[in-house]
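>>> structural data only, the sequence is not supplied:
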């Protein structure tokens, strides 16, 4: 089995950009933004004096994850079912199982992070997992 490294890096880059845009829409829509604004006084939330620095660090984290997951996808692609949609669904569920659910559960039992925000993070994480998986299934 060979992995096309350039194609995999391209998929990770494209997925990071797509998720950054979709994630921005999910988190910055008026309903969700209002919920986050209402939780600003929570001691569980870090205060960022510089919005550009926060957004930049967010993107770097997204990019690193998408590049890593792109290589994981490339490695497991041969055992995924045929078809872009099926690859997207199965790998999306894999991401949810190994990334989203454990993070959500740990934050729920070990932190004071507000439950409303945890629910938003969980739902948006699921959406993001399928968005990223769709890019990988199409590009790789």
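Sure thing, it's come through. In this text the structure is predicted, and so the values were computed from the model without any measurement.

>>> residue 121: what's it in contact with?
103-104, 107 (C-beta atoms under 8 Å, 6 or more residues apart in numbering). For every residue, glycine as well, the C-beta is placed using N, CA and C.

>>> and it, helix, strand or coil?
Look at residue 121: counting by DSSP: H, G, I helix; E, B strand; the rest coil, its state is helix.

>>> look at it and report its pLDDT.
At residue 121, the model reports a pLDDT of 96.

>>> and what of residue 4?
96.

>>> look up phi and psi at it.
phi -80, psi 100 (degrees, to the nearest 10).

>>> kindly report the same for residue 46.
The phi/psi pair for residue 46 (degrees, to the nearest 10) is phi -80, psi 140.

>>> next one: it relative to residue 11, how far apart?
31 Å (C-beta to C-beta, to the nearest Å).

>>> so for these two, which sits in the more crowded spot?
The neighbour count for residue 46 versus residue 11, taken as other C-beta atoms under 10 Å, is higher for residue 11 (25 against 6).

>>> what's the helix or strand for that one?
Secondary structure from DSSP states H and E places residue 11 in helix 5-28.

>>> and that helix, how far out from the chain middle?
Centroid displacement of helix 5-28 relative to its chain, using C-alpha atoms, centre = their mean, to the nearest Å, is 9 Å.
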